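Asker: I'll drop the sequence and a predicted model, then ask my questions.
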Amino acid sequence: MSQRIVLSSLIGAVALGAVAAGGIALASAPTEPAVENGSARYTAPSGGGTGSFTYTADVSDDSGIRDLKVLVWPASSKLDPTEAELRFVESAECRSTSGETARCVYTLKVTERDAAGMAEGTWYVSARAEAEDGGTAFVPRAAAFDVTR
């Protein structure tokens with residue numbers, strides 16, 4: 001067998017191995033968390049009782065879910081929250097529904113005094129999910145709801 005054929009075969013085998021290794025590396029690359037099915041509900045206080053605000057979302061990642069941070073803000077404030085800012089806000093309570101998915105619920109009680117200080121109109125919910133492997137997903141406007149009097 002000539003050296004040229006052996007060398008060509010060897011180069012081909014190395015190239016094929018590199019392509020296969022690259023495919024394996026891409027297949028095992030971590031995915032980013034996903035925040036889906038987000039919904040917000042505001043109930044104004046009435047008759048001396050408290051109202052509430054609830055944001056619910058399904059959060060998933062192949063490594064599992066560590067946390068979901070939630071920020072609620074009025075559109076009239078012109079606030080434009082960043083992912084970095086959401087690292088330091090309150091967390092939703094997340095309960096695992098499978099190895100990769102959690103149902104996260106963020107709830108606030110709203111007193112009549114709280115409601116009196118709330119701007120009327122559209123409000124937004126921003127969310128930041130963090131996976132067990134450290135991956136994050138930021139949703140600047142994960143949901144919207146209206147506050148009326």
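Answerer: Now that the structure is in, tell me what you want to look at.
Asker: Quick one: classify the spatially most central residue of the chain as helix, strand or coil.
Answerer: Residue closest to the mean C-alpha point of the chain, counted by C-alpha atoms, centre = their mean, is residue 129 at 3.4 Å. Three-state call for residue 129 (DSSP: H, G, I helix; E, B strand; the rest coil): strand.
Asker: List the beta-bridge partners for it.
Answerer: Residue 129 has the following beta-bridge partners by DSSP bridges: residue 68, residue 137.
Asker: which residues of the protein fall in helices?
Answerer: According to DSSP state H, the chain carries its helices in the segments 3-27, 112-116.
Asker: Comparing those helices, which yields the minimum mean pLDDT?
Answerer: Considering the helices of the chain one by one, the lowest average pLDDT is found for helix 3-27, at a mean of 43.
Asker: circling back to that earlier point, so the residue nearest to the centre of the chain is in contact with residue 33, correct?
Answerer: Yes. Residue 129 is in contact with residue 33 according to C-beta atoms under 8 Å; the separation is 4.1 Å. All C-beta spots, glycine's among them, are computed from the backbone N, C-alpha and C.
Asker: Quick check: neighbours shared by those two?
Answerer: Here residue 129 and residue 33 share the contacting residues 59, 61, 65, 136-137, scored by C-beta atoms under 8 Å, 6 or more residues apart in numbering.
Asker: shaky segments in the protein?
Answerer: Counting by pLDDT under 70, the chain contains low-confidence ranges at 1-30.
Asker: 90 instead, please
Answerer: Across the chain, residues meeting the criterion (pLDDT under 90) sit at 1-31, 48, 148-149.
Asker: Strands of that one, residue ranges please.
Answerer: In the chain, strands defined by DSSP state E lie at 34-43, 51-60, 65-74, 93-96, 101-110, 121-131, 136-147, listed in chain order.
Asker: So what touches the shortest one?
Answerer: Applying C-beta under 8 Å, 6+ apart, the set of residues contacting strand 93-96 from outside is 59, 64-65, 67-68, 102-107.
Asker: same question, the third one
Answerer: Contact with strand 65-74 is made by 33, 35, 40, 53, 55, 57, 59, 79, 81, 85-87, 89-92, 94, 96, 101-102, 104, 106, 108, 118-119, 121-132, 147, as judged by C-beta under 8 Å, 6+ apart.
Asker: Please apply the same query to the second one.
Answerer: The contact list for strand 51-60, computed with C-beta under 8 Å, 6+ apart, reads 33-45, 65, 68, 70, 72, 92, 94, 97, 100-111, 115, 125, 127, 129, 142-143, 145.
Asker: Fine by me, we can end here.
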